[in-house]
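Chemist: Need the 3D shape of this:
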Amino acid sequence: MGAFLAAFRKNRTKIWVGAVTLLLVFYLVVSFQRSILLLMDNNMAAKAIGAAYLVLPIVGAWALIRELMFGARTEQMARILEAEGGLPVDELPRTPAGRIIRAAADQEFEKYKAEAEAAPEDWRSWFRLSCAYDAAGDRKRARASMRDAGRLFRGNVQAS
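Modeler: Numbers count the residues shown, from 1 in each chain. Modelled structure (predicted):
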């Protein structure tokens with residue numbers, strides 16, 4: 001039982017992503033089925049609603065695939081950085097509740113920002129900058145920086 005709990009804790013995020021993905025796929029399948037049923041109806045209003053409703057599963061599938069690919073690429077980059085010893089070390093001071101102290105995160109952020117500015121074509125610097133944005137609490141910029149890292153990473157992999 002202890003090994004099971006350890007494996008669960010280690011893969012907790014993947015398990016939740018899998019569960020949410022399954023629920024979303026179920027919703028997309030049901031939505032697609034309902035849109036087809038509406039399209040087959042003789043009423044023109046029902047056909048119009050069915051055509052409009054068909055957009056939901058298409059957009060949902062596109063977003064799901066895009067986010068899963070983003071997560072897989074991020075994990076791949078993290079494994080490479082970990083093997084190289086290039087992952088940022090989380091030694092930031094925390095409050096008693098476990099939150100990172102913002103001033104310390106902002107100070108650490110400047111180091112990674114300078115690194116990314118010095119090497120704008122290196123996906124590793126953008127990955128570390130993304131981690132610094134995340135530690136500073138700026139999730140939007142963290143995600144944008146990780147997307148930049150992924151774009152540069154894909155470019156490096158294709159060029160190799």
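Chemist: What does the nearest residue to Thr95 once chain neighbours are set aside show for phi and psi?
Modeler: Spatial nearest neighbour of Thr95, excluding adjacent residues (CB to CB, 6 or more residues apart in numbering): Ile101 at 6.4 Å. Backbone N, C-alpha and C define where each C-beta goes, glycine included. With angles defined as degrees, to the nearest 10, Ile101 shows backbone torsions of phi -70, psi 120.
Chemist: Tell me the gap between the helix or strand where Ala48 lies and the middle of its chain.
Modeler: In this structure, Ala48 is located in helix 44-84 according to DSSP states H and E. In this view, helix 44-84 has its centroid 11 Å away from the chain centroid, taken as CA atoms, centre = their mean, to the nearest Å.
Chemist: Please name every helix or strand in contact with it.
Modeler: Taking 3 or more CB pairs under 8 Å, 6 or more residues apart in numbering; DSSP states H and E as contact, the helices and strands that helix 44-84 lies on are helix 12-39, helix 123-135, helix 139-159.
Chemist: returning to that earlier point: hang on, the residue nearest to Thr95 packs against Glu108?
Modeler: No. Here Ile101 lies out of contact with Glu108, judged by CB atoms under 8 Å, at a distance of 10.3 Å.
Chemist: Identify the contacts common to the two.
Modeler: Taking CB atoms under 8 Å, 6 or more residues apart in numbering as the contact criterion, the residues that touch both Ile101 and Glu108 are Leu92.
Chemist: Show me the shaky parts of this protein.
Modeler: Along the chain, the parts satisfying pLDDT under 70 run over 157-160.
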